[in-house]
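1. Here you go, sequence then predicted model.
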There are 2 protein chains.
Amino acid sequence: MGRWEPGARDRLVVAAVDLFTEQGYDATTVAQIAERAGVTKSTFFRHFPDKREVLVAGQETLSRLLAEGIADAPGAAGPLEAVAAGLVRASTALGPMSREIAPRLKAAIAASAELQERDALKSIGLAAAMTAALIDRGVPDPVAALAGELGVLAFKRGYAEWSEGDRDATDGLAGYILAALEELRVASAALR
Amino acid sequence: MGRWEPGARDRLVVAAVDLFTEQGYDATTVAQIAERAGVTKSTFFRHFPDKREVLVAGQETLSRLLAEGIADAPGAAGPLEAVAAGLVRASTALGPMSREIAPRLKAAIAASAELQERDALKSIGLAAAMTAALIDRGVPDPVAALAGELGVLAFKRGYAEWSEGDRDATDGLAGYILAALEELRVASAALR
């Protein structure tokens, strides 16, 4: 157990990631995940429809926070500034537990084609959420689509750096993501 | 039957897309696909490992052509110019049959979460192929990753326009993709 006080949902995520790492995704059952987490199978199914969805727990929350952050950005903010606001808002959903399990989560995904597919769909869902929120702000389509993709790239790159960093440290995810977004903004000037 | 002369592989793709559209992806079996295509089940399995892979037939070919086109671009070409060369090369793999089945393929994917996931992984694979080919050319990482994402966005947007256009026309996919890439390049200047 780490420094947080996990509820049933968090315990289920940690148990699933541990079991996927120890014995593989295919060999792990919902019953085993529930037992490891110290809850019943019906508690599992109150939180997740199946074992695969445990791995993308929080996708709806992330999408909602991204969209809200973009909607709440000042009217004068440009597309990437609005994306930055969305990313900062979404970062609040990923705390020390997310950082602690990140390396095992990464290994579990790398070992399973099924999880890679689900993870890929998550990325596309996050890009779509940002693009739609930008279009609602009046950003024209090609710019909105591009800014949404940059947002996902920044999220993934920042998350990777954060989760590989010192997990005892208290530096938040948002700073890593904003640095990655700035790097991509600079890179976009080097395209031709 | 359309205006092309399909071999067994093409017939399997058309049969699968038709059956997925008519009766749904989940209800369709490999045996039904093979029967509709007029081949045996073992012929099916010589071409595809399972029914899902029929939908992303050609992903390896596309990845290879993208990488080759990028590698063969003139040394002085910038990242997006190299991506354009890769996209033109890859477009040669998608002819009239691809255009003919595109609307049914789109409907089949929209109706199945499983196919959406596989399709999402295909997008990520194509972006990774372009990014790796750019890095091999000496393009620095953040620029290469960004150019690879723009390449996939251009591919998807150009493919969508092409497949919604007049399917009796002989205008090729490449022109649509290059127009989409140019639109995204212009859009990247509007980010801030």
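-> Sure, I can see it.

2. okay, and the helix or strand of chain A with the least pLDDT?
-> Sorting the helices and strands of chain A by mean pLDDT, DSSP states H and E puts helix A:96-110 at the bottom, at a mean of 89.

3. what sits up against the helix or strand just after that one?
-> Once helix A:96-110 ends, the next helix or strand along the chain (criterion: DSSP states H and E) is helix A:113-136. For helix A:113-136, contacts defined as C-beta atoms under 8 Å, 6 or more residues apart in numbering or on different chains pick out A:20, A:25, A:52-53, A:55-56, A:59, A:62-64, A:66-67, A:70-71, A:79, A:82-83, A:86, A:108-110, A:141, A:143-145, A:147-149, A:151-152, A:155-156, B:113, B:116-118, B:120-121, B:123-124. For the C-beta atoms, the positions are set from N, CA and C on the backbone; glycine is no exception.

4. Likewise for stretch A:19-32?
-> For stretch A:19-32, contacts defined as C-beta under 8 Å, 6+ apart pick out A:16, A:33, A:36, A:41, A:44-45, A:50-51, A:55, A:104, A:107-108, A:111-112, A:114-115.

5. And the helices in chain A, which stretches?
-> For chain A, applying DSSP state H gives helices covering A:8-23, A:30-37, A:41-47, A:59-72, A:79-91, A:96-110, A:113-136, A:141-164, A:173-188.

6. Show me which residues of chain A sit near chain B.
-> Applying C-beta under 8 Å from any C-beta of the partner chain, we find that chain A lies next to chain B at A:78-81, A:113, A:116-118, A:120-121, A:123-124, A:140, A:142-143, A:145-147, A:149-150, A:153, A:157, A:183-188, A:190-192.

7. Derive a PyMOL selection command for the buried subset of those residues.
-> Buried residues among those (16 or more other C-beta atoms under 10 Å in any protein chain shown), as a PyMOL selection:
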select buried, chain A and resi 79+80+81+116+117+118+120+121+123+124+142+143+145+146+147+149+150+153+157+183+184+185+187+188+191
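
8. okay, now the domains of chain A?
-> Under automatic domain parsing, the residue ranges defining each domain of chain A are A:8-53, A:58-189.

9. Among those domains, show me which one is buried the most.
-> Here the criterion is mean neighbour count by mean count of other C-beta atoms under 10 Å in any protein chain shown, and of the domains of chain A the winner is domain A:58-189, at a mean of 19.

10. Flag the shaky bits of chain A, pLDDT-wise.
-> Counting by pLDDT under 70, the low-confidence segments of chain A come to A:1-6, A:167-168, A:192.

11. same thing but at 50, please
-> A:1-5 (pLDDT under 50).

12. give the contact list for the nearest residue to A:Thr40 once chain neighbours are set aside.
-> Nearest non-adjacent residue to A:Thr40, counting by C-beta to C-beta, 6 or more residues apart in numbering or on different chains: A:Ala34, 6.1 Å away. Residues near A:Ala34 by C-beta under 8 Å, 6+ apart: A:12, A:15, A:40-41, A:43-44.

13. Would you mind giving the residues you listed as JSON lines with distance to B:Asp171 added?
-> What follows is those, written out as JSON lines (distance: C-beta to C-beta, whole Å):
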{"residue": "A:Leu12", "distance to B:Asp171": "53"}
{"residue": "A:Ala15", "distance to B:Asp171": "55"}
{"residue": "A:Thr40", "distance to B:Asp171": "60"}
{"residue": "A:Lys41", "distance to B:Asp171": "56"}
{"residue": "A:Thr43", "distance to B:Asp171": "57"}
{"residue": "A:Phe44", "distance to B:Asp171": "53"}
